[in-house]
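*Asks:* structure here, sequence nowhere to be found:
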């Protein structure tokens, strides 16, 4: 089938390649004319036959919002807009309503897979109505990994981004679990070959995972991670996951701790710990660092 | 080669099968005569040609300690004792010393794989001297999964059990991360097919893992886990991991939280939260449950 | 001076008493005519001389919002509205703007003290402009404890509720710290008089506090807290505190854990721990509870 | 009454002053001859009339252990040794047994109060037998604050140090709660006078405490804590508290998090977060810091 794809960066570019490789027609649009298949959104729309399916893969927030609103002006009743970016799930229902007022359909898709998706396929979680999910199945089939896994119709508008958000929250927790275990191994007086231990877990163990494979890969390249700083950014999904846990009264000790350690990793000094140091000095006369 | 194997329960029995399937001779001993290949430890030792290799796979603690001490009486200089049970790493150096005083060698092996190991192979982490590790390689090769992964000589005496302990600590953290994410998904108003979301992550996603495969398998059998209580035991390794983090001054928020939630899962009522409820009642006149 | 006070419940009623005891005139309004000094908001406004100061002490959310909007219709330029309820800080700037459009001033006040405030005085944290803070000083002086503490002009509109929110977040953390320590003491094989230990900390110790006094008081009434369940509600402030920590990238392990344990205290069963139990059963054949 | 006091440092020296001020005779011993009342332990013992009471206030661990063992040689049946240092509770029962074999009694005392104890009195938690607790009451009365609080006979040998250990664990949690709240206040866009907010909580609020008074005092001296680094040491008690929580299966999220944040405060870089950064780079091509 035919797909319009907006945003041909690291993710979108790879996705275009993978969808085309599956035999579909992709008309891509990007602000970089060197990689764009159309000179403007209007031209992109013109190049597609109705009912059109247009997938946005641009930065979440204002850029996605603006793109969707521009599409609302350009598209026709019966067309479908899919947002595969990292939008917050709360943006989806209002968007679906705005588009729906013009007869345009909307799907939100959480996309996992990172730079490996082009080769391995992307895990897709979709929110929206069944009819549109069915209509777009060929594209989803092209993007997802071969086999029975890697795709879910998660629920109504927002459910796709919601499922992806939780996916990322879990991802933070898993990474932190590996990180903490790795650090204790390094500190141990007994274990003298930590990379070998990591490698031993890749098959046969309970903790085997793709993330573990990647940790082993990183240690192959740099056995002590000497070329890295323990400085870790976070994107919105991890924060939203904690907000949702709080809103829904779900205990989420591990997911919250995983985001807090990232915050810590980026602090030069901690005001909280300055206060604690001040208190120890006050009551115990304990030495402090200045 | 030839191996003596003590303890033919769920783990040991499967291991005997797997080692034999690889073409080695295993003389097993168990207190259950129906499955034992020898009537006594002494007979087991007699049936093996020196230098003997004897692997204990019995409950950690006193039973393992007693078994090793009995072997110390029965074996000859040059023989090798391997403990593959869940012994605490601090037991290994004293054991190696006691055996070493009689010229008997010792290896500690952390074994992961659970009930799946017989088919998939077991991940093995070994502590001890290189010469004995080399000598026992054929047995390790038989037990581990095919391919380059699933085996490490982690370090000196105790390093095998240490690596397995950390493995289990990480396992707790990963399971808790999945559990928390699963619970938020269930609570969400948007996602109406949680098992499908879990299934979608099995390929192409960043959180794919064997544990996730098993969660999906559990949900296939019981889509709402209605037949289970949220009651989770813990074995020593998770606790020792936290103790080690504390001893070595390694921040381990996630691993500690994961064991604490297990403690909580087993409490009928929480004295800590009774104290908190009492405080709220005292200062705010807030209602309490009686 | 003269004050209108809306809401004469547990908090508002006590506050009226305390302000009157300081020699000020309070015209109170409540939907309960038995305790109200005015039959309606309009009558309340009529009874006050301009420039009026009216303090709302009603449930946060829609009730407070509606009350403020009604006041906006009834009051005159130069009057001052003070909200002393538990409003979320994000409500304050919009409210100040709505009132300000009519020339009415606004202050937000976080009020701490609970049922003890009538006697001991209330700690007050105020947000808004200095001129209005100054104008209302006599009322603040009447409500606050004697001496130099118990009052702060924290910042602009919203800062009063913000400071109170953080106060409550800290309160959760302190209560949880006491609760956990109390539970370990109870579990100890050595300590046989836990209430005596709590009592010993009330003077001379580093952990002495008013909350500790109250814990001792509760244990005097019920030495084993046998008449309480470990079931703890939470109000919005604790949750908002965590949301703010997440928004501002402040690590808040303790404050977040304190709210999560409250969530846990109210769960009959934990979906997260069901998932963990399911995983253990899947990989290890571990027994589960049904 | 008469007391021998070993160790006249920051704590012991102040305690000697306070006990003397209460009218008791204190013979102090210290390795520093300028402040010592006796040239040797033997001379100290000689200067006291039987039954002697000797209080050790020296660094926990080997120094305390050695001092107690020397006293065991010098003292007579019926004498009493009191350890008021920060010994681990597990040292007490063996010590009591060693001394008891010679007819010498033993008490362990947890002492809280820091540099303020000389003036305010010290909170005392005592472990041992009632007869010796009774015998030493005059000394305890001299050390404790005036009034009904500040003293407990907590239980058998070890209970005094145990109660002090938990006291310190709680102290860590409270300090961390204040620290986190303080940091969020600092980060807030609304609150522009954080020290004033802290000060407002000192009376009338639910979070008032002696620690809060000290935080206010520290902010009076240095309003932004600019002269401090957020680097916080920890002594054994906080770690032992977590170990006990783990041993006794008591959930202790807050106490554990409070010690982990101290570990973090002392790390130049975090191996765990290096591993997390490496993983993000591997799967997502995310930028890293080098």
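*Replies:* Cool, the structure landed. None of these values were measured; they are calculated from a predicted model.
*Asks:* which parts of chain A are helices?
*Replies:* A:10-21, A:41-46, A:62-74, A:92-100, A:117-120, A:130-135, A:137-143, A:159-187, A:194-200, A:210-221, A:236-247, A:253-265, A:271-284 (DSSP state H).
*Asks:* buried sites along the fourth one?
*Replies:* Along helix A:92-100, these residues count as buried under the neighbour rule (16 or more other CB atoms under 10 Å in any protein chain shown): A:92-93, A:95-96, A:99. C-beta: built from backbone N, CA, C; applies to glycine.
*Asks:* make a markdown table out of the residues you listed and add pLDDT and distance to residue D:77.
*Replies:* Below are these laid out as a markdown table (pLDDT from 0 to 100; distance: CB to CB, whole Å):
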| residue | pLDDT | distance to residue D:77 |
| --- | --- | --- |
| A:92 | 98 | 82 |
| A:93 | 98 | 83 |
| A:95 | 98 | 86 |
| A:96 | 98 | 87 |
| A:99 | 98 | 92 |
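*Asks:* next, count neighbours for residue A:37.
*Replies:* 17 (other CB atoms under 10 Å in any protein chain shown).
*Asks:* what sits against the residue of the stretch 51-200 of chain A found nearest chain D?
*Replies:* Using CB to the nearest CB, residue A:179 is the residue of the stretch 51-200 of chain A that sits closest to chain D, at 3.4 Å. Residue A:179 makes contact with D:270-276, according to CB atoms under 8 Å, 6 or more residues apart in numbering or on different chains.
*Asks:* try 10 Å this time
*Replies:* A:215, A:230, A:232, A:258, A:261, A:265, B:170, B:173, B:251-252, B:254, D:270-279 (CB atoms under 10 Å, 6 or more residues apart in numbering or on different chains).
*Asks:* from residue B:176, how far out is it?
*Replies:* 15 Å (CB to CB, to the nearest Å).
*Asks:* and if you look at residue A:155?
*Replies:* Counting by CB to CB, the gap from residue A:155 to residue B:176 is 25 Å.
*Asks:* more neighbours, these two?
*Replies:* Taking other CB under 10 Å, residue A:155 and residue B:176 do not tie; residue B:176 has more neighbours (31 against 24).
*Asks:* just the pLDDT for the residue nearest to that one when sequence neighbours are not counted.
*Replies:* Nearest residue to residue B:176, sequence neighbours excluded (CB to CB, 6 or more residues apart in numbering or on different chains): residue B:258, at 4.0 Å. Residue B:258 is assigned a pLDDT of 98 by the prediction.
*Asks:* one more: the one 3 residues further on?
*Replies:* In this model, residue B:261 is scored at 98, pLDDT.
*Asks:* so for stretch A:45-56, what gets flagged as buried?
*Replies:* Applying 16+ other CB under 10 Å to stretch A:45-56 flags A:45, A:48, A:51-56 as buried.
*Asks:* wait, stretch A:74-82
*Replies:* A:74-75, A:79-82.
*Asks:* can you tell me which of these are in strands?
*Replies:* A:80-82 (DSSP state E).
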